[in-house]
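> task: produce atomic coordinates for the following.
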Amino acid sequence: MKAQLKLPANLKFTQGAVTYDVDEAQVIPTASFQKDQVTFELASTLDQFNPTATVTLEGRATTGMRPTTSTATRGSFTAANGVATTAVPGLTVTPVYDLGLALTSDATVEVLAGDVPEIRGRVTLPDQAGLTAQELQVYPTINGKELAPVSLASLIDPSTGNLRYRPAEGELAAGPNTVSLRVQDQYGNVSAPIRVRVEVIGTLSFDTLKTASFRATKLTGQAQATIPPTGDWDVRVLDTRRANSRWQLQLVASPFRTVKGERLAGGLSYTDKEKTTRITTTPQTVYQGMARTQQPVTDVTATWKAGMGLHLDLNGNALPGDYQADLYWSLNDVPNP
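Prediction:
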């Protein structure tokens, strides 16, 4: 059986093969390809036991690296008992080339919590590809999570022509992070990724520290406990370190005295769910917490309800007057167990 297939335009085919249901594959000789058609003899007879012949052709586009579309054509298979025709499908050929992305900034960087690094890279592709930055997309991945692609054009540094990428605030977690970038065109050509290790260094500090006074109290000659502070106190801790990093809040207080130096018969205490601690000139741990990624600020004074938290205790022999004391708050890192 003789096969004659009209070849699609703008494509140059140079080799091919025929596979059968039962017989071995047949190589189509190079000499069979002539301009816009290929002609060859089937090496095996098609019958009920070997009913199908599949023709595969390989070639290249003749229009360079721009996409090429060809229309469908027809082919014929001629045997002694007749002629059969078949469709040669139309093709859309897209370019395949090496799309490169090279890291031009440091592969390992450290930033403080709240800051983001700038990752820089150089994109390379053949001039023949004829693509602009608007036709290329950058695909970021942070800690294994793929983010929405970004047009390369929006990331180009006009002074160097290179890529500049900065993660959005909140996309990096405290501690180690891995940021990877790859570039892809609309034809499916994709670069190897560049990877940067970003260490976010968190801090432990007071977000707010405001002290005020305690509620005015009428003396009765009897001991009075848990006199609450006014509502103006505000103690908040900001921890932007790695999640579950531990900390403790300690408090030191001088004795309450009047301007004449008279000492109050009583003092400060701090009550939590487990115990009540007397606050003296020796540091006392009054609160313990840990870093939380989604809620970095801990409001300590929000827990001062129903006799909990900081309060003033008076002895029965306390004398009337205005008393003041100095309070010293400190934050300390606690190693994780």
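
> alpha carbons only for contacts and neighbour counts from here, please
Fine.

> residues near Leu238, how many?
19 (other CA atoms under 10 Å).

> so what's it up against?
By CA atoms under 8 Å, 6 or more residues apart in numbering, Leu238 lies in contact with Thr203, Leu204, Ser205, Phe206, Asp207, Pro296, Val297, Thr298.

> pull the helix or strand with minimum mean pLDDT from this structure.
Lowest on mean pLDDT, DSSP states H and E among the helices and strands of the chain sits strand 68-70, with a mean of 78.

> where are the low-confidence patches of the protein?
For the chain, the stretches with pLDDT under 70 are 64-65, 337.

> hmm, 80 instead?
Within the chain, the ranges that satisfy pLDDT under 80 run 23, 61-70, 128, 293, 336-337.

> measure the spatially most central residue of it to Gly16 for me?
For the chain, the residue nearest the mean C-alpha position is Ile142 (2.5 Å; CA atoms, centre = their mean). Distance from Ile142 to Gly16, counting by CA to CA, to the nearest Å: 45 Å.

> ok, the residue nearest to the centre of the chain - contacts?
Glu171, Leu172, Asn177, Thr178, Val179, Ser180.

> circling back: for the contacts of Leu238, could you give me CSV that also reports secondary structure, distance to Gln48 and neighbour count?
Below are the contacts of Leu238 laid out as CSV (DSSP: H, G, I helix; E, B strand; the rest coil; distance: CA to CA, whole Å; neighbours: other CA atoms under 10 Å):
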residue, secondary structure, distance to Gln48, neighbour count
Thr203, coil, 79, 15
Leu204, strand, 81, 18
Ser205, strand, 84, 15
Phe206, strand, 86, 16
Asp207, strand, 84, 15
Pro296, coil, 75, 17
Val297, strand, 79, 19
Thr298, strand, 80, 18
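
> any chance of those residues in CSV, plus distance to Tyr328?
Formatted as CSV, those follow (distance: CA to CA, whole Å):
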residue, distance to Tyr328
Thr203, 20
Leu204, 17
Ser205, 14
Phe206, 13
Asp207, 16
Pro296, 23
Val297, 20
Thr298, 19
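
> which one of these is nearest Ile227?
Nearest to Ile227 among the contacts of Leu238: Thr298, at 23.9 Å, using CA to CA.

> the closest one touches Val237, doesn't it?
Yes - judged on CA atoms under 8 Å, Thr298 makes contact with Val237 at a distance of 5.1 Å.

> doesn't Gln295 lie inside a helix?
No - according to DSSP: H, G, I helix; E, B strand; the rest coil, the state of Gln295 is coil, so it is not within a helix.

> give me the number of neighbouring residues for it.
The number of residues packed around Gln295, counting by other CA under 10 Å, is 10.

> then Val237?
Number of residues near Val237 (other CA under 10 Å) recorded here: 23.

> that one in helix, strand or coil?
strand.

> correct me, but it touches Gln295?
No - contact criterion CA under 8 Å: Val237 and Gln295 do not qualify, at 10.8 Å.

> how far away is the nearest residue to Arg263 once chain neighbours are set aside from Gln224?
Among residues not flanking Arg263 along the chain, Arg257 sits closest, at 4.4 Å (CA to CA, 6 or more residues apart in numbering). Remark: distance between Arg257 and Gln224 (CA to CA) = 18 Å.

> before we move on, what about Phe40?
110 Å.
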